[in-house]
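In: prediction below, plus the sequence it came from.
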Amino acid sequence: MNSIYRSPNLCYNGTMTDKEKEQKALEIYQQLIDTLEDVPEKVEVIDIVNTLIEENGLSPTGEPKAPIKTARKEPGTAREVPCCPRCGCGQVVKNGSSQGKGRFRCKGCGAFFGLSSGRLAEGSSASGKAWDAFVEGMLCGNSLSILSEKCGISLSTAHGWRMKLFSQVANSEEGRILKGVIQEDEFYLPSSFKGNKKGALNLGMEKDYSDVVPDYRRYGFRDHPHERGSQDRRRGLSRDKVCIATAIDEGRGVIGKPVGRGNVSGKGLEHAFSARFDQGSILVTDRSKGGVKYAESTGLAHYTLDARTEARKGRYNLQLVNSLHSIIAGISHSRSCFATKNAELYITWEAWKLLNSARSLAEKKDILRTLVVPGKKVVTMRQIRDRKLPQILHQVADN
């Protein structure tokens, strides 16, 4: 191909401002585009020019320019090309850049997006290194104070990132269908409203709390707060206890969420597992009335066990689900306990770690860093702050 563009001979008296430099660069770039009007491969040529600019950078006036990299990148070292966050299509092409970051266009739905769109780092101005350090810290079980120091962020931001990570994982697990032998059991946690009344103050943010009514009073749990991780004053089951229903299959897929206050009910299990079990599955539960009623209403093959004598024997047992309960209970009974409104997110996170326990730390980091849920928007900090107690916990469940 003959030369299609010749840079004009520019001469200036004095020093150009940054704005003038940007304007002149845009004029030169537009002249280049105009010369390509009659070139059949116009789009391909523009893509090559954009790539060469990104690879070589722009040399300041008076400094020697680095030699142009004429060799194209090998396939194995090509830049990462994400899938479309709207439809999940992998047919995407580069489409310029914005604020120094590459942009892409989906051939399937026509959506335009950046490399961080739909990912954990979307909407964040923090560096990729900070996010990598945060994800690694979460996988290693670091506390918020350690994460804050390690990533160079505030305590409130560290908490927001944690809930953002949990929400992203929960979105990826939404709609999972459990198959094969499914272990289902319930466990009971003391209600926790950690940070509900003065959460912003605990995270270093000033706020007027004079008109704040804490959720434990609004929803009739009790009239007073209690120490984090402490046990309820009432022994046995009561309306202060939150019933968490959890199911896990042979592939370690997990569904778990709060289903009511007090004893388990068939209605609560329907709320948690409706249309989430394959019809060819075998449901293994203890002999609770709620589990029996739910199995009868769904028509699933049902195997009941005596929780005290049979739960640990043979193929049909409840060991795996009880192990998960022990992990969750260990967190909820410590100073690091979680608020009841976030129980489902914590269960999903612990289940994800259990599902991926055989992977290396580097593999898990890469999965979380690039995790995109097509059609699902990444949760925002405002949505995290505005999260409410699940509706099913607003009243005592009917047994």
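Out: Here it is on my side, so go on.
In: can you check the pLDDT for Pro64?
Out: Listed pLDDT for Pro64 reads 41.
In: do Lys164 as well
Out: For Lys164, pLDDT reads 94.
In: tell me which residue lies nearest the centroid of the protein.
Out: Computing the C-alpha centroid of the chain and ranking residues by CA atoms, centre = their mean puts Gln168 first, at 1.6 Å.
In: secondary structure class of that residue, three-state.
Out: Three-state call for Gln168 (DSSP: H, G, I helix; E, B strand; the rest coil): helix.
In: next one: it from Lys353, what distance?
Out: 14 Å (CB to CB, to the nearest Å). From N, CA and C alone the C-beta is placed, and that goes for glycine too.
In: now swap in Val372 and tell me
Out: From Val372 to Lys353 the distance is 20 Å (CB to CB).
In: neighbour count winner among those two?
Out: Ranked by neighbour count (other CB atoms under 10 Å), Val372 and Lys353 place Val372 first, with 23 against 16.
In: ok, the more buried one - contacts?
Out: 82-83, 85, 88, 118-119 (CB atoms under 8 Å, 6 or more residues apart in numbering).
In: now with 10 Å, please.
Out: For Val372, the contacting residues are 82-86, 88, 113, 116-120, 122, 168, 171-172, 378, by CB atoms under 10 Å, 6 or more residues apart in numbering.
In: what do you get for Asp215?
Out: Neighbours of Asp215 in contact, by CB under 10 Å, 6+ apart: 191, 193, 196-197, 221, 339-341, 388-389, 393-394.
In: buried ones from those residues, can you make that a ChimeraX selection?
Out: Remark: buried members of the contacts of Asp215, expressed as a ChimeraX selection using 16 or more other CB atoms under 10 Å:
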select :191,193,196,197,221,339,340,341,389,393
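In: the helices in this structure, which residues?
Out: For the chain, helices defined by DSSP state H occupy the ranges 18-34, 42-56, 128-139, 144-151, 155-173, 199-202, 215-218, 266-273, 289-298, 319-332, 343-355, 361-369, 381-385.
In: Ser297 touches Leu283, doesn't it?
Out: No - Ser297 lies out of contact with Leu283 (CB atoms under 10 Å); the separation is 11.5 Å.
In: tell me which of the two has more neighbours.
Out: More crowded of Ser297 and Leu283, by other CB under 10 Å: Leu283, with 22 against 12.
In: output the contacts of Asp215 as JSON lines; include the columns distance to Trp131 and pLDDT.
Out: Formatted as JSON lines, these follow (distance: CB to CB, whole Å; pLDDT from 0 to 100):
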{"residue": "Ser191", "distance to Trp131": "33", "pLDDT": "80"}
{"residue": "Phe193", "distance to Trp131": "30", "pLDDT": "79"}
{"residue": "Asn196", "distance to Trp131": "28", "pLDDT": "64"}
{"residue": "Lys197", "distance to Trp131": "31", "pLDDT": "61"}
{"residue": "Phe221", "distance to Trp131": "36", "pLDDT": "75"}
{"residue": "Ala339", "distance to Trp131": "24", "pLDDT": "82"}
{"residue": "Thr340", "distance to Trp131": "28", "pLDDT": "84"}
{"residue": "Lys341", "distance to Trp131": "25", "pLDDT": "87"}
{"residue": "Lys388", "distance to Trp131": "28", "pLDDT": "86"}
{"residue": "Leu389", "distance to Trp131": "30", "pLDDT": "85"}
{"residue": "Leu393", "distance to Trp131": "33", "pLDDT": "83"}
{"residue": "His394", "distance to Trp131": "36", "pLDDT": "79"}
